[in-house]
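# Pasting the sequence and the predicted model now:
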Amino acid sequence: MKPFLVLQLRPETEASDDEYQAFLDKGGLSADQTHRIRLEQEDIPEGLDLSDYSGVIVGGGPGCVSDPPEKKSAIEAKIEAAVLGLMPQICAHDIPFMGCCYGIGVLGAHLDGQVSKAQYSEEVGTSECAVTDDGAQDALLDGLPAHFTAFVGHKEALQALPKGCVHLVSSPNCPYQMIRYGQNVYATQFHPEADAAGFEVRIGIYKHRGYFAPEDADRLILMCRATNVFAPEQILQNFVMRYAKN
């Protein structure tokens with residue numbers, strides 16, 4: 001099988017390692033079936049040929065594509081430029097792509113969509129998601145219930161559906177929870193890879209990054225532990241099963 005290219009945007013090793021393991025576990029992948037690149041440590045190889053991969057998976061991160069350049073750290077700017085640099089090739093050739101949380105901002109920014117903090121941010125926690133009529137016909141949502149709970153935590157969001165995209169999943173507080181561009185380019189605002197244990201790790205790491213009041217960390221951890229989140233991982237399984245190729 002051609003490997004999946006996994007691009008990670010989290011500078012914190014504990015968060016990055018936990019996310020990567022979640023991609024493996026929830027996607028049904030082994031490490032040797034992926035090519036992992038931590039973008040804060042490693043550049044994307046010059047001349048990278050995406051046809052050598054089954055698909056591309058992009059993780060989340062603390063940066064925001066809608067922040068002005070002067071607000072971005074050097075690492076955040078480097079990571080953003082690296083991911084955005086691949087989007088023209090991905091979208092033009094309809095290369096299988098799964099962008100998780102930060103990935104929907106990257107896709108929206110590339111498509112000149114409205115990505116901002118004006119509305120629809122969500123505190124770290126859960127969101128009640130609903131599959132749209134178009135989503136019910138999409139292969140990546142096969143096997144998911146019409147309504148499901150997902151883990152979220154984001155400051156920026158799509159304010160409108162970018163041109164050429166299909167709206168797949170919505171929620172009351174953030175309408176654009178999952179979209180598709182073309183036939184194979186997907187992005188979610190929620191975290192399809194996340195479970196309670198993984199989100200507990202992130203709460204500890206990011207409690208001073210403005211996602212929630214630091215004194216709420218213990219409350220949010222208890223909430224995550226008490227919530228049964230299981231459906232979103234099916235999206236990653238479906239992505240891997242649909243696009244794995246020799």
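Arrived safely, thanks for sending. Numbering: from 1, shown residues only.

# Which stretches in this structure count as helices?
13-27, 74-92, 102-110, 133-136, 196-206, 217-226, 233-243 (DSSP state H).

# what about the longest strand in this protein?
In the chain, with assignment by DSSP state E, the single longest strand is strand 122-131.

# Check which residues of that one are buried.
Using 16 or more other Cβ atoms under 10 Å as the test for burial, strand 122-131 gives 122-127, 129, 131. (Glycine included, C-beta is placed from N, CA and C.)

# Now do the residue nearest to D138 when sequence neighbours are not counted, the pLDDT please.
Spatially, and ignoring its direct neighbours in sequence, D138 is nearest to L168 (5.6 Å; Cβ to Cβ, 6 or more residues apart in numbering). L168 is assigned 98 on the pLDDT scale.

# Pull up the gap between L168 and E123, please.
Distance of L168 to E123, given as Cβ to Cβ, to the nearest Å: 23 Å.

# Likewise for G198?
17 Å.

# what mean pLDDT does the longest strand of the chain have?
So the average pLDDT for strand 122-131 ends up being 94.

# Packing partners of that strand?
strand 147-154, strand 165-170, helix 196-206, helix 217-226 (3 or more Cβ pairs under 8 Å, 6 or more residues apart in numbering; DSSP states H and E).

# pLDDT averaged over the last one - what is it?
Right, helix 217-226. When pLDDT is averaged over helix 217-226, the result is 91.

# What confidence value was assigned to the residue nearest in space to the middle of the chain?
Nearest to the mean C-alpha position of the chain, by Cα atoms, centre = their mean, lies C100 at 0.6 Å. According to the prediction, C100 has pLDDT 97.

# now swap in the one 3 residues further on and tell me
Reading off the per-residue confidence, G103 sits at a pLDDT of 95.

# ok, it - contacts?
By Cβ atoms under 8 Å, 6 or more residues apart in numbering, the residues touching G103 are 58-60, 83, 97, 187-188.

# Next, the contact list for the residue lying farthest from the centre of the chain, please.
Distance from the C-alpha centroid of the chain, by Cα atoms, centre = their mean, peaks at E215 (26.3 Å). Shown in contact with E215 (Cβ under 8 Å, 6+ apart): no residues.
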